[in-house]
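In: Turn this into a structure:
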Amino acid sequence: MFVIFFLLWLIFNGRVTWELVLIGLGAACIAWLFAYRIVGYTIRTDLRMLKNIPWLLRYVANLLVEIVKSALEVGRVALTPGLRPDPVFVEFHSGFQSEFCNVLLADSITLTPGTITVYQEGDFFVIHCLRREYAEGIENSSFIRLIRQMK
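Out: Here you go, the predicted model:
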């Protein structure tokens with residue numbers, strides 16, 4: 001996390017001088033100490049984050065693929081004269097105990113065109129789908145399968 005804080009400092013400044021590097025090291029140290037003392041951030045969090053980088057890359061790639069596929073499908077619905085929206089609400093339980101996993105799922109569903117997370121509390125979700133077939137199998141989507149693989 002310290003490295004991320006320091007790199008952000010350098011990126012936001014847009015140039016690298018000795019003064020900015022020294023001030024950036026101090027600022028990154030203060031930000032890391034704040035995260036450690038106030039937020040409860042630990043070295044274990046860093047290690048867990050590093051361990052999950054391959055999973056994160058797979059998840060982001062899957063999210064981008066799903067966004068493109070859904071955008072093409074919603075575009076087809078919008079541009080095909082005889083094809084009409086057939087909206088439906090779907091309720092399901094994700095089975096995740098972690099608030100992070102549930103929020104990640106809710107945000108991923110909302111980012112995918114044609115679906116919106118209307119309500120989420122705990123592992124209970126209410127999703128609005130533009131067409132009935134978008135709702136089929138949503139409780140076992142690629143997002144849920146990938147979130148289950150997270151360590």
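In: domain assignment for this structure?
Out: If you go by automatic domain parsing, the domain ranges for the chain are 2-48, 52-149.
In: Pull the distance from the last one to the chain's centre.
Out: Meaning domain 52-149. Centroid separation for domain 52-149 versus its chain: 11 Å, with CA atoms, centre = their mean, to the nearest Å.
In: just stretch 15-24 next, same as before
Out: Here stretch 15-24 is found 32 Å from its chain centre; the criterion is CA atoms, centre = their mean.
In: Just the C-alpha atoms of that stretch, please, in CSV.
Out: Extracted in CSV, the C-alpha atoms of stretch 15-24 (Å, rounded to 0.1, in the frame of the first residue of the first chain):
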residue,chain,number,x,y,z
ARG,A,15,7.1,15.3,-12.7
VAL,A,16,9.9,13.8,-10.7
THR,A,17,12.4,15.9,-8.8
TRP,A,18,14.4,15.1,-5.6
GLU,A,19,12.2,17.4,-3.6
LEU,A,20,9.0,15.7,-4.8
VAL,A,21,10.4,12.3,-4.2
LEU,A,22,11.4,13.1,-0.6
ILE,A,23,8.1,14.8,0.1
GLY,A,24,6.2,12.0,-1.6
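In: need the strands for the protein, in chain order.
Out: Per DSSP state E, the chain carries strands over the ranges 88-93, 115-121, 124-129.
In: Residue 144 against residue 94, yeah?
Out: Yes - with contact defined as CB atoms under 8 Å, residue 144 counts as touching residue 94 (6.3 Å). Yep, even glycine has a C-beta here, placed from its N, CA and C like the rest.
In: what residues do these two have in common as contacts?
Out: When contacts are counted by CB atoms under 8 Å, 6 or more residues apart in numbering, residue 144 and residue 94 are jointly contacted by residue 105.
In: before we move on, back to that, so can I have TSV of the domains of the chain showing mean neighbour count and mean pLDDT?
Out: Output for the domains of the chain, formatted as TSV (neighbours: other CB atoms under 10 Å; pLDDT from 0 to 100):
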stretch	mean neighbour count	mean pLDDT
domain 2-48	12	86
domain 52-149	15	93
